[in-house]
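Trainee: Fold the stuff below for me.
(chains A, B, C and D)
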Amino acid sequence: MTERKPKNIFITGPITPAFIAESIQQHSSKTTIGGHNIFLGQIRADVISGQTVAAIEYTTYEEMALEKMHEIREAIFAKYPLTCMHVYHSLGRVAAGEISLFVFTSSAHRKAAIDACEETVEKIKSELPVWGKEVFEDETYQWKKNNF
Amino acid sequence: MTERKPKNIFITGPITPAFIAESIQQHSSKTTIGGHNIFLGQIRADVISGQTVAAIEYTTYEEMALEKMHEIREAIFAKYPLTCMHVYHSLGRVAAGEISLFVFTSSAHRKAAIDACEETVEKIKSELPVWGKEVFEDETYQWKKNNF
Amino acid sequence: MKVNIILFGQLTDITGTDTFTVEGVDDTTGLTNKLQDDYPALSNSKYIIAIDKKVIAENTVLTENCTVALLPPFSGG
Amino acid sequence: MKVNIILFGQLTDITGTDTFTVEGVDDTTGLTNKLQDDYPALSNSKYIIAIDKKVIAENTVLTENCTVALLPPFSGG
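Mentor: You can find the predicted model right below:
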């Protein structure tokens, strides 16, 4: 197996549908692929004690996060027969209704892409040093908690 | 629960990345959604006895397929707390590298969207009266077989 | 009694057509016997039967002008 | 000995800064004791510690100019 170098996964601001479309389009030349699975995390306008979440502001410990993501990627490729995997996570402010996480797996037969995508999303949520600050409409905030 | 009427799922020719992007974009106003899961089926250029698959030509028993898809949709909505679900399947010719199936589920918390998407894909493959004809580069063909 | 037959997928390679009508059969067993007489290769083919879009599991009485579909294994997606 | 401290997320609300240096501590227990003296609210906070990007599970000796990160529960995605 060829070694995969740590690559940057962070994007400033939201991940746009046009970016996702371009990423899908780039796979049309890879004709060994039979199935793609995509997970998208979108910001919910949760109402907490009468306050509505307007955006989440993400920060990270970038050097550590990229090393950890590299480890996650290596483990996933070792476990599943994937053709490719792409991960993007937002930093900075992402408004309610916008997308902050994009995980994209592809394989010859669907099962590997589907299972690898779900496992990668779980690992990203539990293992990547990233923090979300839920900012309310009046600019007060609370720190996001992930549920498992 | 409001009744969901059978809707058309069939698209002539491939499903384009631009169409997928537009479908994602339309969900940005639904701010109760926290996670989307998307499955895309792409045509593989399989090599069979030295012949390479150039395209798949899909046909269906449309009236029956739409009734069956309606049943599948109702069962999935009854089982999972989804915000919405969209399914598109190609008819006619789809070339290797192009997309012929697009299943898109959304929910407040990721688990429902992920599980519902996988289950819907399996049901589409096993229960929908659709047939694929694998056309080789010299226009000879064989009928596709689904693996479960 | 006249019934409408529709076929799909690889079955159309055997019959050379995808719709036709059959007369003088009362139930699905009678129908498939007749079809296999007309198209012997059908007896080697795997298919299920739907009457007016409902899949049936056992021999079923046909009604005037109903539509009988012969469905080979599905291969969508 | 000087070590570099970096903090993230809700911990920065307690310290009011996300990077500073600490002198005169030998190991992570000594360091966290000192930090909790300086910022009492830290003792009510949940966090793990990474030294030079590697998470540690028990008291660990510090080295000159190493970087100690205090990481509250992750909440990406």
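
Trainee: Find the centremost residue of chain C, please.
Mentor: residue C:70 (3.8 Å; C-alpha atoms, centre = their mean).

Trainee: Looks like residue A:142 contacts residue A:134 (just checking).
Mentor: Yes: Residue A:142 is within contact range of residue A:134, at 5.3 Å (criterion: C-beta atoms under 8 Å). Where C-beta positions appear, they are placed from N, C-alpha and C, glycine not excepted.

Trainee: what about residue A:126, helix or strand, and which?
Mentor: helix A:110-127 (DSSP states H and E).

Trainee: Okay, angle between that helix and helix B:110-127 too, please.
Mentor: With axes from the mean of the first three to the mean of the last three C-alpha atoms, to 10 degrees defining the directions, helix A:110-127 sits at 180 degrees from helix B:110-127.

Trainee: related to what we said a few turns ago, in terms of neighbours, single out the busier of residue A:142 and residue A:134.
Mentor: A count of neighbours by other C-beta atoms under 10 Å in any protein chain shown puts residue A:134 above the other of residue A:142 and residue A:134, at 22 against 15.

Trainee: any idea whether the residue of chain C found nearest chain D is helix, strand or coil?
Mentor: Across chain C, the shortest distance to chain D (C-beta to the nearest C-beta) belongs to residue C:77, at 28.5 Å. Secondary structure, DSSP: H, G, I helix; E, B strand; the rest coil: residue C:77 is coil.

Trainee: From chain A, how far out is it?
Mentor: Distance, residue C:77 to chain A, by C-beta to the nearest C-beta, to the nearest Å: 8 Å.

Trainee: Check the gap between that residue and residue B:68 for me.
Mentor: 14 Å (C-beta to C-beta, to the nearest Å).

Trainee: Check the contact lists of these two and give me the overlap.
Mentor: residue B:128 (C-beta atoms under 8 Å, 6 or more residues apart in numbering or on different chains).

Trainee: Spell out whether the longest strand along chain A and chain B are in contact.
Mentor: Longest among the strand segments of chain A by residue count, using DSSP state E, is strand A:82-95. No: judged by C-beta under 8 Å from any C-beta of the partner chain, strand A:82-95 stays clear of chain B, getting no closer than 9.0 Å.

Trainee: Would you mark the buried spots in that strand?
Mentor: Neighbour-count burial for strand A:82-95, counted by 16 or more other C-beta atoms under 10 Å in any protein chain shown, picks out A:82-83, A:85-91, A:93-95.

Trainee: Now do that strand: which elements does it pack against?
Mentor: On a contact count with 3 or more C-beta pairs under 8 Å, 6 or more residues apart in numbering or on different chains; DSSP states H and E, strand A:82-95 meets strand A:10-12, strand A:51-60, helix A:62-79, strand A:99-107, helix A:110-127.

Trainee: beta partners of the residue most central in space within chain A?
Mentor: The residue lying closest to the centre of chain A (C-alpha atoms, centre = their mean) is residue A:101, at 3.2 Å. Assessed by DSSP bridges, residue A:101 has beta-bridge partners residue A:41, residue A:89.

Trainee: can you give me phi and psi for residue C:9?
Mentor: phi 60, psi -140 (degrees, to the nearest 10).

Trainee: Tell me the pLDDT of it.
Mentor: Looking at residue C:9, its pLDDT is 97.

Trainee: Distance-wise, check it relative to chain B.
Mentor: 4 Å.

Trainee: Tell me, how many residues neighbour residue A:42?
Mentor: 25.

Trainee: confidence score at it?
Mentor: In this prediction, residue A:42 has a pLDDT value of 98.

Trainee: What residue in chain A comes nearest to chain C?
Mentor: For chain A, C-beta to the nearest C-beta, closest residue to chain C: residue A:110, 8.3 Å.

Trainee: what touches both of residue A:142 and residue A:134?
Mentor: By C-beta under 8 Å, 6+ apart, the residues touching both residue A:142 and residue A:134 are residue A:48.
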